[in-house]
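K.L.:
predicted model and sequence below, questions to follow.
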Amino acid sequence: MYSSNFYKILSVVSSVVLVAFVTVPRIEVAYADALTSVSDSLDTVTTAENPIHTIQFVTPTGVADTKTITITFPAAFTDIADVAFGDITITHGAGGLFTGGTAIVLAADCSNTALWSAVTSGQVVTLTACSAATANVAAAGGVRIVIDNNDGITNPAAASYSIDIAGTFGDTGSAIVTIVADSSVAVTAEVPAGGTLTFAISATAIEFGNLSVLAPKYADASAGSFVSTIAHTLTVSSSAAYAVTVSGTTLTKGGDNIDAIVAAGGSASSPGSEQFGVNIVRTSGANGVADSDYDGSTFYYNGAAAADSVATCAATCTEDVYSATYLANIATGTVSGSYSTALTYVATGTF
């Protein structure tokens, strides 16, 4: 049985943590009596936060001079009194248009009769088209009211609430908003200081099965093959340079072992003589290079005494894939029994 351990990263790096927050979808739409397309969109739905309220609706009747629109917040919403006319913007358009239409100029009162006024009392914001207002809302018009007063209206405890729209203009409706305890999703990631390195082995348990003096045997995931076959792949990517090494004994049983192929440049298969070797070939990628002793059509293994280089990359390597093929031959004098080894592949980044 032959097995190779997962990689180890030897480089020591520090980490930087990034946190992003994804806002939970927040638009809730409610349809009521005369108003249609009623909604209140909050830019944060988390309890105790101070959102921007974007209220929209279509009014069948329209808003004429001296008519009012009231927006009533439930008692659980606090700090309504902090809303002033300068915190509110209104636009309207014909045919249900919410944006890109006419902007309404607001004031604290109707001393300028051509404007609209905005005042708050208790939980109610009242908008009034003054007696000579020049930007009134036509029938079937769309109205968009944005209330943005920084640390103003405060969200209540988690629950669903109804914000009521009425007034003397004649139409009514409600928008439902849902407040939650936490509307964020925490996403974390670690980036090693100076660069990144990834390494994967496609299979970590392979075997030759029964060896023969008559023909070479190649390791695979089951009982080996008499036909040359790729046992697994090594996949490496790095934002800088990397090196991959292998270490471990040759095939061994107690005090007996099968000779490893250590001749420079590797050797071809030679049935009837003891041989253990590995062939490493890059099958995809751009900048990675398999070591010349392991590459090509021959076999080699020299990792018994110390870690031996099998692949390197000197530049940015997005992803290199190497195939690994294992050869075993025995001689007539090879002692019978169960031989095994554990090879360790290590990928090290240089940043």
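P.N.:
Arrived safely, thanks for sending. Numbers count the residues shown, from 1 in each chain.

K.L.:
what sits against A139?
P.N.:
Applying C-beta atoms under 8 Å, 6 or more residues apart in numbering to A139 gives the contacts T59, P60, T61, G62. No exception for glycine: its C-beta is placed from N, CA and C like everyone else's.

K.L.:
for the last one, which non-adjacent residue is closest in space?
P.N.:
What that stands for is G62. Counting by C-beta to C-beta, 6 or more residues apart in numbering, G62 lies nearest to A139, which is 4.1 Å off, once chain neighbours are set aside.

K.L.:
quick check: the one you found vs V289, distance?
P.N.:
In this view, A139 and V289 are 76 Å apart by C-beta to C-beta, to the nearest Å.

K.L.:
may I see the buried residues of stretch 237-256?
P.N.:
Using 16 or more other C-beta atoms under 10 Å as the test for burial, stretch 237-256 gives 237-252.

K.L.:
ok, so of these, who is nearest Y300?
P.N.:
Sorting these by how near they are to Y300, with C-beta to C-beta, puts V246 at the top with 10.5 Å.

K.L.:
run a quick neighbour tally on I201.
P.N.:
For I201, the neighbour count with other C-beta atoms under 10 Å is 16.

K.L.:
wait, doesn't it sit right on Y345?
P.N.:
Yes. I201 lies in contact with Y345 (C-beta atoms under 8 Å); the separation is 6.4 Å.

K.L.:
where exactly do the helices run in the stretch 101-250 of the chain?
P.N.:
Listed in chain order, the helices of the stretch 101-250 of the chain (DSSP state H, counting those that start in this stretch) amount to none at all.

K.L.:
which residues does A305 contact?
P.N.:
Going by C-beta under 8 Å, 6+ apart, A305 touches no other residue.

K.L.:
surely it forms part of a strand?
P.N.:
No. Going by DSSP: H, G, I helix; E, B strand; the rest coil, the assignment for A305 is coil, not a strand.

K.L.:
and S340, bridged to which residues?
P.N.:
In this entry, S340 is beta-bridged to T252, by DSSP bridges.

K.L.:
show the pLDDT at it.
P.N.:
On pLDDT, S340 comes in at 89.

K.L.:
for it, give its distance to L234.
P.N.:
From S340 across to L234, the span is 21 Å (C-beta to C-beta).

K.L.:
picking that back up, most widely separated two among the buried residues of stretch 237-256?
P.N.:
Longest distance between any two of those is 38.2 Å, between S239 and T252; criterion C-beta to C-beta.

K.L.:
got the residue ranges for the helices in the stretch 251-351 of the chain?
P.N.:
In the stretch 251-351 of the chain, no helices are found when defined by DSSP H, counting those that start in this stretch.

K.L.:
low-confidence stretches in it?
P.N.:
Regions of the stretch 251-351 of the chain meeting the criterion pLDDT under 70 cover residues 351.

K.L.:
again, only using 50
P.N.:
In the predicted model of the stretch 251-351 of the chain, no residue satisfies pLDDT under 50.

K.L.:
relative to T250, how far out is the residue lying closest to I261 once chain neighbours are set aside?
P.N.:
What sits nearest to I261 in space, not counting adjacent residues and going by C-beta to C-beta, 6+ apart, is G277, at 3.8 Å. Here the criterion is C-beta to C-beta. By it, G277 lies 9 Å from T250.

K.L.:
what do those two both touch?
P.N.:
Jointly contacting G277 and T250 under the rule C-beta under 8 Å, 6+ apart are A260, Y301.

K.L.:
could you pull out the strands for the stretch 101-250 of the chain?
P.N.:
For the stretch 101-250 of the chain, the strands identified by DSSP state E, counting those that start in this stretch occupy 102-104, 106-107, 116-121, 124-129, 141-147, 159-166, 173-179, 186-192, 197-201, 205-206, 217-218, 232-238, 241-247, in order along the chain.

K.L.:
lowest mean pLDDT across these, which one is that?
P.N.:
Lowest mean pLDDT within the strands of the stretch 101-250 of the chain: strand 186-192, a mean of 56.

K.L.:
near the closest residue to S323 other than its chain neighbours, how many other residues are there?
P.N.:
Distance criterion C-beta to C-beta, 6+ apart; nearest residue to S323, sequence neighbours excluded, is I230 at 4.4 Å. When neighbours are counted by other C-beta under 10 Å, I230 registers 18.

K.L.:
do N210 as well
P.N.:
Residue neighbour count, defined by other C-beta under 10 Å, stands at 8 for N210.

K.L.:
tell me the contacts of it?
P.N.:
Neighbour list for N210: K217, A223, G224 [criterion: C-beta under 8 Å, 6+ apart].

K.L.:
ok, now with 10 Å
P.N.:
Neighbouring residues of N210 by C-beta atoms under 10 Å, 6 or more residues apart in numbering: K217, A223, G224, I330.

K.L.:
surely the second one meets F208?
P.N.:
Same thing as A223. Yes. When contacts are counted by C-beta atoms under 10 Å, A223 is listed as touching F208 (8.0 Å).

K.L.:
CA atoms of the top strand by length along the chain as CSV?
P.N.:
As far as residue count goes, and with DSSP state E defining each element, the longest strand of the chain is strand 317-329. Extracted as CSV, the C-alpha positions of strand 317-329 are listed here (Å, rounded to 0.1, in the frame of the first residue of the first chain):
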residue,chain,number,x,y,z
CYS,A,317,1.8,30.8,-11.1
THR,A,318,-2.0,30.9,-11.3
GLU,A,319,-2.4,27.1,-11.3
ASP,A,320,-0.1,24.3,-12.3
VAL,A,321,-1.2,20.7,-12.4
TYR,A,322,1.3,17.8,-12.3
SER,A,323,0.6,14.2,-12.9
ALA,A,324,2.4,11.6,-10.8
THR,A,325,3.0,8.0,-12.0
TYR,A,326,4.6,5.3,-9.8
LEU,A,327,6.7,2.3,-11.0
ALA,A,328,7.7,-0.8,-9.2
ASN,A,329,9.7,-3.8,-10.4
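
K.L.:
cool, thanks, signing off.
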